[in-house]
Every structure is written in structure tokens, then in C-alpha cells.
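> Sequence first, then the predicted structure:
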Amino acid sequence: MTDTFANDRAHVFHSWSAQGLITPIVVAGAEGSWFWDDEGKRYLDFSSQLVNVNIGHQHPKLIAAIQEQAGKLCTVAPGMATEVRSEAARLIAELAPGDLEMVFFTNGGADANENAIRMARLHTGRTKVLAAYRSYHGATGGTIAMTGDPRRWPGEAGVSGIVHFWGPYTYRSSFHSTTEAEEGERALAHLRDTIMVEGPQYIAAIILEPVVGTNGILVPPAGYLQGVRELCDEFGIVMIADEVMAGFGRCGEWFSVDHWHVTPDLITFAKGVNSGYVPLGGVIISQRIADTFRERQFPGGLTYSGHVLACASAVASINIFREEGIIEQARRLGDEVIAPGLIELQERHPSVGDVRGLGAFWAIELVRDRATREPLVPFNAAGADAAPMAAVANACKAEGLYPFTHFNRMHVVPPLTTSHDDVRHGLEIIDRALKVADDLYTGR
Ligand SMILES: Cc1ncc(COP(=O)(O)O)c(C=O)c1O
């Protein structure tokens, strides 16, 4: 046993884990779309760590930018102005749609959402927040309560004013829809009803992941996001797009809302803004909401808001995106390799009930029966119930592919810079691993 592993087990308290039941991989190094352990076993990173390493591991220009900034100035209080922070904010505002011109920097996604909600409440003078059941917004007090998925259950007590609604999900419609168009319309009608019975004059914000990430890679039907925008306008509600996972190229656009030409009032970001080389997140703020705080103090802040090393890495990352055409790379990866590859997997494997996604953001949904759509494992399965998904994942890991799994799904979310050959190689490994799921298939 290495010291690293022994010290980890003795002293590192890991997120989302029963501490005695985990065996972390000891990561010794990484480059591009690959990382390796202390025994030299290499893994193709089909999860981009936590769907954040969008430009791949150890990009030399990003490392150089952080090193250069560290040599100049490592840290400055948020109240000062400093070159890379100003430039990062300018660049992010330039990328954002419409009149979203100002950036409040945070350390990650959860605190971005916390501050977005605070802005929305103060701007509107209202308190309630609507959030989707199929969502994840972070693990801090307010954001875990906004999160719709079961990670909320142990953490939501004591937070009031958050109401959940169903977003569109055509494969498992909550509205008995049979087409995308029907699903979009019915999901909007349901949201309108929810607003009505909650009292629009009490609703500060609707927060949603425009393309839902961990909870299924749910691409909204055409017109849905425009419909949410219109409802927000009609009732004076702030529209918050949580682009923490879907933004910065993951969906083949700078922001996923760009696909539908929708301008939210606030966008939250983190992860792909700098591929996680240094912690960074933030809120991009529309002029209207920024104006609320022109003469009135914004009551929020963080010691590391706009940390200069993080901002230097964001500036470098955005420039790398532009120089290397990374948005275009993500689109091509999806259109030319992942989409056709997943359709082929669906044709070959009865256990593949649905494949969906866009850009480099895809899901394979595994079922026991295509007719009933019974999931391979139950909702929120754990322990023995989750064993079939763990077996599929382990079959991938044994062959050197590091997968992202959630419930009965495997997500295909490699770095946007992954070569087409590497993605094909990864899909071949998934192809073999799916035999485990096929063996459990009970349909005809
Ligand atoms: C959509 C979304 N919002 C917010 C978060 C929380 O971000 P962080 O873990 O940086 O706090 C995540 C993290 O996975 C996310 O996927």
C-alpha cells in the first residue's frame, strides 16, 4: 500500500461517500484526455473528472498562464481591481448573450447559484424559487434545497420557499406525452399552473439547467426555454440559467442557451470556464439586475471572489478555446463520432433504451425492457440494487475507460479536445461492457 493511499484512507474525508466503503484511484498524472494511477494503469477520461476538464488535462498554455500569474501576483482582495480579473470579466461578458455584462466571481458552482438567488430575491423583493425535480444545483445550504434529485433529501430541512416542478423529459414523460412537441407544450402548461398556485407575486426566480446534466442529459424540446423566458417576463420572475455543467463548450456553444437564442437574466457558470485548474465560478448579471445594486449595496462576498490565479486561468482558457476552435471541436465530436457511435450501440444492444445529447454531452439510458422502459436499476439505487450499473462501470474501468454513471445511465462526456480515435476506442470498450447489461435484459 502506498503512503498516498494509506494517508487518504486515514485522513481524507471524501464527498458523497461512506468513508469505509470506497477505494479511491491514486492518480499519479494526467495529460489530455488520459490520466494514470500510481501503478501506471491508464484511463481514458470519459467523465472529464466531474464534467469540468473541458480542454483536457495539463494544457501547456493554461499551465503557463497560471505559472506566469503566480510569479507576478498570487492573490488580491476582492475589493481591489486587478488586470486579470478585469480581463476575465470582460471576456466572459463578451461571450454571454444579450445584456449580461457584469460578472460576480465565486469559487465554484454552488456559491454561484447561492448568490444568483440572493440577487433575484433582492431585485424582485420576492422570496420563492422554482427549481426542477431533475436537477442538481450544488451542495451548500440553499443549493442543495433547490436541487431536485435525491441528494436534496438529507439536506433540505430548514430551507423554505423552494418549490419543485417537472421539466421536459420525453423518454419518461411526466405528462404522458408521446412527442417532443407535446412534451414541451405540456411541461410549459405545468410550469404555468405551478406559478399560478404558488402565487406569481411571491416568486423571485425560476432556476433551471437549460440542458439538464447529471440528472439525465435532458435536451429541452424546441420552444421550451423560450416558453420559460416568456413566463418569466409575464410574471416579473428572474430567469436563472445554471450553465455550470452545460456551459463553456460542453453543448457545442459557449452557453447551452445559445442553441435556442434565449437570454436569461442571470447565468451561473463554473467547471468548464477554466477546466477546473483553479477553483472558479460566477454569476453573469443582466444590466437590469446590476442596476438594482448600483446605489444599493449587494450583501454578499467571498474572500476568494475573483482570485487572480483562477482569473488568469479563465482568461487563458477562453483564449485557448478561440485559438484552437474548441467549440467547433465539441460540435464535431458530437455530430461525427459520439452521436453515430451511440446510435450504433443502441442498434446492437437491447439494454440501450435511449441515447440523447448534443455537443460532447451525451447519455446512454439502460433498461431491462424496451417496451416498458423499466430502468436497469431502480431510481436512486444503492448497494445491491445498484450492482448492475457498478458492473457495467467496472467492465469499462478494467479496460482502461473511466466512465460517468448516474442511476441507470452512462454519460459520455469526454474532454472537448479528445481525438476522434480516442472516442471511438472508448465507445468500443462501452460496447463490450454493455454485454453485462444485455445479460440482465428481460424484454423480448
Ligand atoms: C448544474 C450544476 N450546478 C451546480 C453545480 C455545483 O457546482 P460546484 O460543485 O462547483 O459547487 C454542479 C456540479 O456538478 C452542476 O452540475
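Okay, I see it.

> tell me the secondary structure for the closest residue to Leu100 other than its chain neighbours?
Once flanking residues are discounted, Leu100 sits nearest to Ile284: 4.5 Å by Cβ to Cβ, 6 or more residues apart in numbering. For the C-beta atoms, the positions are set from N, CA and C on the backbone; glycine is no exception. Assigned with DSSP: H, G, I helix; E, B strand; the rest coil, Ile284 falls in the strand class.

> Test my guess that Ile284 contacts Arg90.
No: using Cβ atoms under 8 Å, Ile284 is not in contact with Arg90, being 11.8 Å away.

> And these two? Which one has more around it.
Ile284 (27 against 12; other Cβ atoms under 10 Å).

> List the residues that contact the more buried one.
Listed by Cβ atoms under 8 Å, 6 or more residues apart in numbering, the contact partners of Ile284 are 92-93, 96, 100, 102-103, 266-269.

> and it, what pLDDT?
For Ile284, the model assigns a pLDDT of 99.

> With the one 4 residues further on instead?
According to the predicted model, the pLDDT of Arg288 comes to 97.

> do you know how far it is from the ligand?
According to Cβ to the nearest ligand atom, to the nearest Å, Arg288 and the ligand sit 23 Å apart.

> ok, Ile284 to His59 distance?
Distance, Ile284 to His59, by Cβ to Cβ, to the nearest Å: 24 Å.

> Would you mind naming what in the stretch 101-250 of the chain lies close to the ligand?
Neighbours of the ligand within the stretch 101-250 of the chain, by Cβ under 6 Å from any ligand atom: 108-110, 113, 136-138, 209, 213-214, 242, 244-245.

> What is the end-to-end distance of stretch 7-23?
12 Å (Cα to Cα, to the nearest Å).

> How about that stretch, which residues are buried there?
By neighbour count with 16 or more other Cβ atoms under 10 Å, stretch 7-23 contains the buried residues Asp8.

> taking the mean pLDDT, what do you get for it?
97.

> That stretch close to the ligand?
No: applying Cβ under 6 Å from any ligand atom, one finds stretch 7-23 separated from the ligand by no less than 8.9 Å.

> starting at the chain centroid, how far to that stretch?
24 Å (Cα atoms, centre = their mean, to the nearest Å).

> I would like the residues contacting it, please.
Contacts of stretch 7-23 (Cβ under 8 Å, 6+ apart): 24, 26, 139, 151.

> got it, and stretch 186-202?
Against stretch 186-202 from outside (Cβ under 8 Å, 6+ apart): 126-128, 130, 163, 165-168, 173-175, 177, 203, 206, 221, 223-224, 227-228, 231, 235-237.

> Go through those and flag which are in helices.
224, 227-228, 231, 235 (DSSP state H).

> Adding pLDDT and neighbour count, write the residues you listed out as CSV.
Converted to CSV, the ones in helices among the contacts of stretch 186-202 look like this (pLDDT from 0 to 100; neighbours: other Cβ atoms under 10 Å):
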residue, pLDDT, neighbour count
Tyr224, 98, 23
Gly227, 98, 20
Val228, 99, 25
Leu231, 99, 20
Phe235, 98, 16
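
> Thanks a lot, catch you later.
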